[in-house]
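Colleague: Predicted model, plus sequence, below.
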Amino acid sequence: MNVPILTTKHMAMPALGFGTWPLKGADCEEAVGTALAMGYRHIDTAEMYGNEEAVGAALAQTPIPRGEIFLTTKVWWDKPNGPAFRAAFEESLTRLKQPYVNLLLIHWPSPELDLPSVLTAMAKIRQDGLAHAVGVANFPSALLKQALALGIAPIACNQVEQHVMLGQQKLLDVTQPAGIVLTSYTPLGRGEVLEHPVMKRIAEEHDATPGQVALAWLLSKELVAAIPKARGTERQAENLAAAQLKLSETDLEAISALPKDKRFVNPDFAPAWDS
Ligand SMILES: NC(=O)c1ccc[n+]([C@@H]2O[C@H](COP(=O)([O-])OP(=O)(O)OC[C@H]3O[C@@H](n4cnc5c(N)ncnc54)[C@H](OP(=O)(O)O)[C@@H]3O)[C@@H](O)[C@H]2O)c1
């Protein structure tokens, strides 16, 4: 399966990846294994998901060379300073049984986050070859700009919620000119956005599914990746095939015109999104 590669000065990331939350244990190992076998080459995990061992087991089992797989992990927000962040990341590597990850992210900006301290730790992790690229997640645009302005670590990515009902244009206005990848999480809106009549109509016209249309809209954007999660092989294959779907300008405009105010992931520790 031919998935475009987003190439920046920091990394080369397959635009369509496989999300692993909330998969766990043998279930997660099997799902990552089938995803890799059918052509996914980008796997997204995190310390908080409690599935790094399972992801590591799937990587150990697959015949696909490690160098062909792009692996992301994230350190949870309760490590707000450099030493705690580094120690947690090393534990992630141990659970993954990996000498390195391709991308390491700050999972959420906590109110206690000492940004210069964590960025300094990330820069060192990168220099040490333990993460080939580093970045952030759930950073609103003001905080992302602050992280970039500090110039301590080369930020390669901001992973945030984005789908046909949450456009994130304010963030794209920062990431695209800066050559940073915006990775869309919850790209299918947890399945909900797929019920929208506009999605269904466009899907019918292309002999595709609403999920494929939702993913193709994201992937049509410059420097945007998406990491849908699906437990079963049928939906895994359906989502992967979205990388081949080309929507017309009219389709893209019709989706872009839909309201963009629906956020599914908004925990009480979330930052002020509009900043
Ligand atoms: N950085 C962060 O803070 C953060 C937050 C949330 C998520 N993430 C990452 O992003 C990944 C994806 O986000 P998500 O799991 O929240 O949401 P999602 O991928 O948008 O949606 C997953 C849901 O949609 C269903 N689904 C999958 N493919 C489908 C299809 N083709 N048609 C209809 N339904 C389909 C899945 O069901 P089945 O599995 O039963 O098929 C599951 O219930 C996560 O796994 C995680 O890796 C990161």
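Modeller: Received the coordinates, thanks. Residues are numbered from 1 along each chain as shown.
Colleague: Show me which residues of the stretch 51-200 of the chain are close to the ligand?
Modeller: When proximity is defined as Cβ under 6 Å from any ligand atom, the stretch 51-200 of the chain approaches the ligand at 107, 137-138, 159, 185-191, 194. Backbone N, C-alpha and C define where each C-beta goes, glycine included.
Colleague: Please convert the buried members of the residues you listed into PyMOL selection syntax.
Modeller: Buried residues among those (16 or more other Cβ atoms under 10 Å), as a PyMOL selection:
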select buried, resi 107+137+138+159+185+186+187+188+189+194
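Colleague: Return the member of the residues of the stretch 51-200 of the chain next to the ligand nearest to Asp268.
Modeller: The nearest member of those to Asp268, counting by Cβ to Cβ, is Asn138 at 13.1 Å.
Colleague: Could you check how far the closest one is from Leu223?
Modeller: Here the criterion is Cβ to Cβ, to the nearest Å. By it, Asn138 lies 18 Å from Leu223.
Colleague: now do Thr34
Modeller: Taken as Cβ to Cβ, the span from Thr34 to Leu223 is 28 Å.
Colleague: quick one: the strands in the protein?
Modeller: In the chain, the strands defined using DSSP state E lie at 5-7, 12-14, 18-19, 42-44, 70-75, 101-106, 131-137, 155-161, 181-185, 224-226.
Colleague: Tell me which stretches of the protein form helices.
Modeller: 25-38, 52-61, 82-96, 115-127, 141-150, 169-178, 197-205, 210-219, 233-241, 249-256 (DSSP state H).
Colleague: angle of the fifth one against strand 155-161?
Modeller: When axes from the mean of the first three to the mean of the last three Cα atoms, to 10 degrees is applied, the directions of helix 141-150 and strand 155-161 differ by 170 degrees.
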